[in-house]
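Colleague: Could you work out the structure for the sequence below:
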Amino acid sequence: MRIYLDDERNPKIEQFDVITRSFGEFLEVLGATELDITYVSFDHDLGEDSLTGYDCAKALVELDIKYNVLAKDFTFNVHSANPVGAKNIQMYLDQYLRTVR
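Modeller: Now for the predicted structure:
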């Protein structure tokens, strides 16, 4: 499954199975049974919602720890215009993936 997370923009080129616009929508997708997530493209700032793409990344890691939902070849991208938020997501997921691979 390929997931795109952004409250405003649409994907430019890549094909995605699901487009999510908020933390809540992202969690709904993660709640699906038997996930095999191969790719996520993250935005950081998700509109007026106080939860961010970083919160989504943390939820994704928590779910992977519990249920092993990330494919072995999982990759991600951070397309956020918020440089600090983008760096936080990048560093968090890079660190997690280094520990599980």
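
Colleague: Local confidence estimate at Glu48?
Modeller: With respect to pLDDT, Glu48 has a value of 80.

Colleague: That one in helix, strand or coil?
Modeller: coil (DSSP: H, G, I helix; E, B strand; the rest coil).

Colleague: now the lengthiest helix in the chain, how far from the centre of its chain.
Modeller: Assignment by DSSP state H gives helix 83-100 as the longest helix of the chain. Distance of helix 83-100 from the chain centroid (Cα atoms, centre = their mean, to the nearest Å) equals 11 Å.

Colleague: Run through the neighbouring helices and strands of it.
Modeller: helix 53-67, strand 70-78 (3 or more Cβ pairs under 8 Å, 6 or more residues apart in numbering; DSSP states H and E). Bear in mind the C-beta positions are built from the backbone N, C-alpha and C, glycine included.

Colleague: where does Thr33 land on pLDDT?
Modeller: 63.

Colleague: Kindly report the same for Thr75.
Modeller: Note on Thr75: pLDDT of 97.

Colleague: which ones are touching it?
Modeller: Going by Cβ atoms under 8 Å, 6 or more residues apart in numbering, Thr75 touches 38-39.

Colleague: contacts for the longest helix of the chain?
Modeller: 42, 44-45, 52-54, 57-58, 60-61, 64, 74, 76, 78-80.

Colleague: Can you tell me which of the helices and strands packed on helix 83-100 is packed in deepest?
Modeller: Greatest average neighbour count among these goes to helix 53-67 (a mean of 18), per mean count of other Cβ atoms under 10 Å.
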